[in-house]
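Participant: have a look at this fold, sequence not included:
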């Protein structure tokens, strides 16, 4: 059982941890990527202190002349200034960008990119193929093959004001049939553990890469492979913390259940528990006439709640009375969502015994099914890995951003990430949670987690993305028969993103204990952020608001921001050429939609190249 497994981990893996609460705080989260990122042109795409560039370019930004207070300086950035945007690139790099982005607009080349790369390898041989890739797609989107080879690029970007988020981007190159087989092998044995069909494995969606171009997907093999992958992350964190590349203060940790967590059905079951518990709260709120309110506005009257629980038969009167005898729980006469979530933890046996109504069938059903001994061991090992990685990040001065997953995995991953924040974000924000704003419940997720951080006094860290799984999520919901979790259109997603962003910015303005990574290639979103920061008097030198884009994309946003003194980061993938082919394949697919939706980046690249040629800068080399 979850509430038995967690205390066992606590004793074995951390002196600091008194307990890890596995209740839902609210679901949606994820160490940093721009990987599950954003919508552009109708397509889905998707750091400690001390990184501020000290020399600010006068022709890049405009500051108010009537103030000497750095906190109140108004900063505007010219995203049309190609000289500043591309001053870190030589002419060969500009030409490479133009070539790669143009190739991404040809449907045949993009659709068949994997086949064409395999064919090129056979025709040219391994050595020539690798050289060709480094001159084109690999060179554009990947920093290098290992920790040492990526250092020159990291140093160069930092010299021009842009930090790095390191990510080892090796993926298994599986066929669709192989992916489905792996997924079903590790889930079918547990079919009877699930009540809701959303959280069961479905062969049609066994290959979770389908319809996903901007987020990596991993498949569980065995515990040994999980341990090996954890070693890779530890090395990545260590590299990020080395003095030689200290600019890399973020490191991405993708808490994928198949990557190093455990068998996916354990995460699915955990997610189902959290969702069931939340839906039970909504049912009780509706009985008290409080449905339709924002998550934190729903406050259940305690006495009515006890009566409802007794009538529903979820426990006897004494049990129910004991559930609400915490030091503060219910002392105000009401119970809100955060109080409700705190009921499922290791200080009570409620999750062992409780049956709750299924809101679809009206029948009582167990909140939680029993784990086998082996499943409990896997759960414990998973939590130990997470604890080790977080401690290693603290020791190396690196921040971790946990990336997002599909909605049927995400509640558990969000919950675990939140628990990491409660433990490790006491002095400063070390762990960042990712919120996918194309979800209908994104604002509730953000606001509930922020409120929890306020009550408990830890630093809230968020990465906001638009989302990576729109098409897959919609298709799965329609096929299996549950409500589509995605906002109805692109504009609704934009509004949700800006609503969540404004809420976190207001929290930063209120107490300076929140941090946010604006992971977006959308220029309007970046301008929206700058406008709000100006209105609130949030200075970039405070290092509370960060910006993130993918390596090889949107330099016209990243570098002007960095040179204006804002903490901005490139998502920097690295790995051997052959082993990052799946990543490069997705970049091609992603850029097709990105480049067809906007000609702006290519036009700016041409503009800068022409400017240099007219000024006789044929052999231009960046100076730093």
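Facilitator: Right, received. Where do you want to start? These numbers were taken from a predicted model, which means no experiment stands behind them. Numbers count the residues shown, from 1 in each chain.
Participant: give me the most central residue, this structure.
Facilitator: Nearest to the geometric centre of the chain sits residue 403, at 2.9 Å (C-alpha atoms, centre = their mean).
Participant: mind listing the strands for the stretch 501-624 of the chain?
Facilitator: With DSSP state E, counting those that start in this stretch as the criterion, the stretch 501-624 of the chain has strands at 514-519, 545-550, 568-574.
Participant: returning to that earlier point: so how far is residue 470 from the residue nearest to the centre of the chain?
Facilitator: As judged by C-beta to C-beta, to the nearest Å, residue 403 and residue 470 stand 16 Å apart. Using the backbone N, CA and C atoms, a C-beta is placed for each residue, glycine as well.
Participant: give me the next element, helix or strand, following the helix or strand hosting residue 116.
Facilitator: Secondary-structure assignment from DSSP states H and E places residue 116 in helix 113-124. Moving toward the C-terminus from helix 113-124, the next helix or strand (DSSP H and E) is helix 126-135.
Participant: give me the angle between that following helix and helix 113-124.
Facilitator: 130 degrees (axes from the mean of the first three to the mean of the last three C-alpha atoms, to 10 degrees).
Participant: buried set for the helix or strand where residue 154 lies?
Facilitator: Residue 154 belongs to helix 151-159 when assigned by DSSP H and E. For helix 151-159, the neighbour count (16 or more other C-beta atoms under 10 Å) marks 151, 153-154, 157-158 as buried.
Participant: excluding chain neighbours, give the residue nearest to residue 103 in space.
Facilitator: residue 109 (5.6 Å; C-beta to C-beta, 6 or more residues apart in numbering).
Participant: nope, residue 583 is what I meant
Facilitator: Nearest to residue 583 is residue 169, by C-beta to C-beta, 6+ apart, at 4.4 Å.
Participant: swap in residue 462?
Facilitator: Nearest non-adjacent residue to residue 462 (C-beta to C-beta, 6+ apart): residue 516, at 5.0 Å.
Participant: which residues touch the one you found?
Facilitator: 461-464, 501, 504-505, 508, 544-546 (C-beta atoms under 8 Å, 6 or more residues apart in numbering).
Participant: so how far is residue 544 from it?
Facilitator: 7 Å.
Participant: repeat for residue 382
Facilitator: For residue 382, the distance to residue 544 - C-beta to C-beta - is 32 Å.
Participant: residue 438 now?
Facilitator: 25 Å.
Participant: now swap in residue 375 and tell me
Facilitator: On the measure of C-beta to C-beta, residue 375 and residue 544 end up 41 Å apart.
Participant: comparing these two, which residue is more hemmed in?
Facilitator: residue 544 (22 against 18; other C-beta atoms under 10 Å).
Participant: how about that one: what's its closest non-neighbour residue?
Facilitator: Here the residue nearest residue 544, using C-beta to C-beta, 6+ apart, is residue 508, at 4.8 Å.
Participant: for residue 410, give me the pLDDT.
Facilitator: Here, the pLDDT recorded for residue 410 equals 82.
Participant: whoops, residue 105 was the one
Facilitator: For residue 105, pLDDT reads 81.
Participant: next one: residue 93
Facilitator: Residue 93 is given a pLDDT of 96.
Participant: and it, how many neighbours?
Facilitator: For residue 93, the count of nearby residues is 18 (other C-beta under 10 Å).
Participant: rewinding a little: now pLDDT and distance to residue 91 too, for the buried residues of helix 151-159, in a markdown table please.
Facilitator: Formatted as a markdown table, the buried residues of helix 151-159 follow (pLDDT from 0 to 100; distance: C-beta to C-beta, whole Å):
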| residue | pLDDT | distance to residue 91 |
| --- | --- | --- |
| 151 | 89 | 23 |
| 153 | 93 | 17 |
| 154 | 91 | 22 |
| 157 | 93 | 18 |
| 158 | 91 | 22 |
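Participant: from residue 452, how far off is residue 394?
Facilitator: Distance, residue 394 to residue 452, by C-beta to C-beta: 21 Å.
Participant: now residue 540: closest residue in space, sequence neighbours ignored.
Facilitator: Of all residues not flanking residue 540 in the chain, residue 566 sits nearest, at 4.2 Å (C-beta to C-beta, 6+ apart).
Participant: ok, the one you found touching residue 547?
Facilitator: Yes - between residue 566 and residue 547 there is a contact under C-beta atoms under 8 Å: 6.1 Å.
Participant: and the two? Which one has more around it.
Facilitator: Each of residue 566 and residue 547 has its neighbours counted (other C-beta under 10 Å); residue 566 has more, 29 against 25.
Participant: dihedrals phi and psi, that one?
Facilitator: phi -80, psi 140 (degrees, to the nearest 10).
Participant: what separation is there between it and residue 425?
Facilitator: 22 Å.
Participant: residue 102 too?
Facilitator: Using C-beta to C-beta, we find residue 102 at a distance of 44 Å from residue 425.
Participant: what does residue 622 give?
Facilitator: For residue 622, the distance to residue 425 (C-beta to C-beta) stands at 37 Å.
Participant: quick one, which of these two is more surrounded?
Facilitator: Using other C-beta under 10 Å, the more surrounded residue of residue 622 and residue 425 is residue 425, with 25 against 13.
Participant: tell me the contacts of the more buried one?
Facilitator: Going by C-beta under 8 Å, 6+ apart, residue 425 touches 431, 453, 458-461.
Participant: burial measure for residue 482, as a count.
Facilitator: Neighbours of residue 482 using other C-beta under 10 Å come to 16.
Participant: distance of it from residue 507?
Facilitator: For residue 482, the distance to residue 507 - C-beta to C-beta - is 32 Å.
Participant: please apply the same query to residue 362.
Facilitator: 39 Å.
Participant: who has more neighbours out of the two?
Facilitator: residue 507 (23 against 7).
Participant: what's the neighbour count on the residue nearest to the more buried one when sequence neighbours are not counted?
Facilitator: The shortest distance from residue 507 to any non-neighbouring residue, by C-beta to C-beta, 6+ apart, is to residue 514 (4.3 Å). A count of nearby residues for residue 514, using other C-beta under 10 Å, gives 23.
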